[in-house]
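Colleague: Turn this into a structure:
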Amino acid sequence: MNLTRKWSIVTAGALALSLVLSACGKSTTTPTPTPAPGTVAPADTGKPVDGGSLTWATASDIVTLNPLFIDDTTSQNLANILFAGLLNLDTKGNVVADEGALAAEVPTISADGLTYTIKLKTTPKWSDGQPVNADDLVFTLNTWKNPDVAAPSISSYDKVDTVKKINDTTVEVKMKEVYAPFIYTLTTAVLPAHILKDVPPKDLQKYKYGTDPATFVSNGPYKWASWTQKQQHTLEADPNYWGPKAHIKTIVYKMYADQNTELQALVKGEVDLVEAIPIASLDAATGKPDINLIESAGPSYDYFGFNLNADNWPGGFVPFAGKKTRQALAYAINRQGMVDSVLKKHGTLLNGPFLPGSWADAGTAKNYEFSVDKAKALLAEDGWKAGADGILVKDGHKFEFKLQFNTGNKTRESVGAVIQQNLKDIGINVILEPLDFAAWIKNNVTPGKYQSVLLGWALGVDPDAESIFSSKYFPPSGQNSGWYKNDKTDQFWVDGYRVTDPAKRKAVYGQLATEITDDLPYVFLYQKNIIEGIRSRVKFAEGDKPQLTLPYGTTYHIDHWWVTDGK
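Modeller: Next comes the predicted model:
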């Protein structure tokens, strides 16, 4: 549900599905997660038992649980548990109307690809007892596409022309144009119209829904019981849930200072689940009889991002403005060294916006191999000269900037240090600025107020990434927070979603990858494997295990899990 691109704090690898960028597509199969060496992935064929609790460790708090404004993986994890999807994905990335979906069946699509007819089940209810019906779906789609709302993922909805209620369980959606990813857009959460319909669109982001458990309603197997900020969230199984009841009674989402502290809590038995074990600390969890490890490429990648908006720079001088300068930075950074030493080969070098092995990857992305000589030559060509202190200068401005990343992420701390040293070697001063993730996303990243970032994308199942790169989606309505503009790539994204044939789309994306990796809105770094640790008291059937290659990740069928000791 709501499987659009999110800022990723775990920074994992690639959804071998599509965008996958999470690069994925209908014809691509999903790799099965494999256990780390010396461990056995947890699975159980025994009979589920009800009751008990599961504690999930995290290094970051949520920003909001209002689906309209979720733009980070922490918030999305909880939303996946609290909300039913209109439609869902199976383990191969196919859109389905399964027992947990609000829709009664997969939508009917007209021959011209412009009309979607959606039929809802009659049984779903909100946690306050009100029915989930066509009014909610009409309100959801119309609100999401309204530019006054400023939803970050508006690009997935603004191709919708009209939304019409046919009856209480049927909605007709007409598109302005063919938009191939829309079927995946419909794996969305639905909003409670009876709670939000009277809130002015421009006020929705500041409205208490999504930040106040006492007034929050949802329609999934769990309810949001409490939130102690920067400490923990408590979710309780909803006894009145309309679908199959969850087995585990309570899920506690508990916050720790950083990933190493999370891991220590797992080893000590204080928590049951750690979503992203730091690679440098993996040995501490390997071989432990009470800890099962799952490792897989996930639906995301990391990047070193440039901000091209002059408002973020003293005197309006943007040091990244020149293409040759951006290319020089790509050559100057030892990306393969990051994969080998920081990730210890638990990841893959990434050159462009489509993940290797996905159907959208045409192999046309440019590879910037590590070369200090090429970097220095390009900087000189772009007018940079060494000052008296060795720092490069252009037009009276020193080449120095702040690089922001989230605290508690040991991988990003190490990668940031590599970038700092690599760029120091060519005369650029990088000031590392670690920040609390939730506040950073809200105050800096989403509004595009920073100089550079080390960040990642958790991606949807379709390769369309217009919202990340197109100049139509600058903040606040969109996710192009680096203010990148390129007329050619803007059009390529449109050309890519206007056709439904994967082969034709791949041809467009091949041209796009060539252009975007030459122009460089940012330096693509790597896919990083997700290594997840789960205590053996937590059980699930083989078909309900975490799907780390899907946007759902850990939350896939978590309501089907159980704990063996009842605690």
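Colleague: use CA for all of it now, contacts and neighbours both
Modeller: OK.
Colleague: Longest helix in the protein, by number of residues?
Modeller: Using DSSP state H to define each element, the chain has its longest helix at helix 502-519.
Colleague: now the angle between helix 502-519 and the helix or strand following it, please.
Modeller: The helix or strand immediately downstream of helix 502-519 is strand 522-535, counting by DSSP states H and E. When axes from the mean of the first three to the mean of the last three C-alpha atoms, to 10 degrees is applied, the directions of strand 522-535 and helix 502-519 differ by 120 degrees.
Colleague: mind checking how far strand 522-535 is from the chain centre?
Modeller: Distance of strand 522-535 from its chain centroid, counting by C-alpha atoms, centre = their mean, to the nearest Å, is 12 Å.
Colleague: Can you list the helices and strands that that strand packs against?
Modeller: strand 273-274, strand 291-297, strand 300-306, helix 323-332, strand 347-349 (3 or more C-alpha pairs under 8 Å, 6 or more residues apart in numbering; DSSP states H and E).
Colleague: From the chain's centroid, how far away is whichever helix or strand comes after that strand?
Modeller: Following strand 522-535 in sequence order, the next helix or strand is strand 538-539 (DSSP H and E). A distance of 26 Å separates the centroid of the chain from that of strand 538-539, by C-alpha atoms, centre = their mean.
Colleague: Now do the helix or strand immediately after strand 538-539 in the chain: everything it contacts.
Modeller: Next helix or strand after strand 538-539 toward the C-terminus (DSSP H and E): strand 562-563. Residues outside strand 562-563 that contact it (C-alpha atoms under 8 Å, 6 or more residues apart in numbering): 48-54, 247-248, 537-540.
Colleague: In a markdown table, list those residues along with pLDDT.
Modeller: Compiled in a markdown table, those are given as follows (pLDDT from 0 to 100):
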| residue | pLDDT |
| --- | --- |
| 48 | 94 |
| 49 | 94 |
| 50 | 95 |
| 51 | 96 |
| 52 | 97 |
| 53 | 98 |
| 54 | 98 |
| 247 | 97 |
| 248 | 98 |
| 537 | 96 |
| 538 | 97 |
| 539 | 96 |
| 540 | 95 |
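Colleague: Weed out the non-buried ones from those.
Modeller: Listed as buried from these are 48, 51, 52, 53, 54, 247, 248, 537, 538, 539, 540; burial here means 16 or more other C-alpha atoms under 10 Å.
Colleague: Tell me if I am right that the first one is in a strand.
Modeller: No: note on residue 48: no strand contains this position according to DSSP: H, G, I helix; E, B strand; the rest coil, which reports coil.
Colleague: and the closest residue to it other than its chain neighbours, what are its bridge partners?
Modeller: Take residue 48 and drop its neighbours on the chain: the residue closest to it by C-alpha to C-alpha, 6 or more residues apart in numbering is residue 562, 5.9 Å away. With DSSP bridges as the criterion, residue 562 is bridged to residue 539.
Colleague: I'd like to know how far residue 562 sits from residue 288.
Modeller: Plainly put, residue 562 is 21 Å away from residue 288 if you go by C-alpha to C-alpha, to the nearest Å.
Colleague: and if you look at residue 61?
Modeller: 28 Å.
Colleague: Leaving aside the residues adjacent along the chain, what's closest to the residue nearest the centre of the chain?
Modeller: Closest to where the C-alpha atoms of the chain average out (C-alpha atoms, centre = their mean) is residue 458, at 2.4 Å. With sequence-adjacent residues excluded and distances taken as C-alpha to C-alpha, 6+ apart, residue 458 is closest to residue 300, at 4.3 Å.
Colleague: Can you name the next helix or strand after the worst-scoring helix or strand of the chain on mean pLDDT?
Modeller: In the chain, the helix or strand scored least confidently by mean pLDDT, DSSP states H and E is strand 22-23, which has a mean of 22. Going down the chain from strand 22-23, the next helix or strand is strand 53-58, by DSSP H and E.
Colleague: Show me what that following strand pairs with in its sheet, parallel or antiparallel.
Modeller: Looking at strand 53-58 with DSSP bridges, its partner strands are strand 250-255 (parallel), strand 273-274 (parallel).
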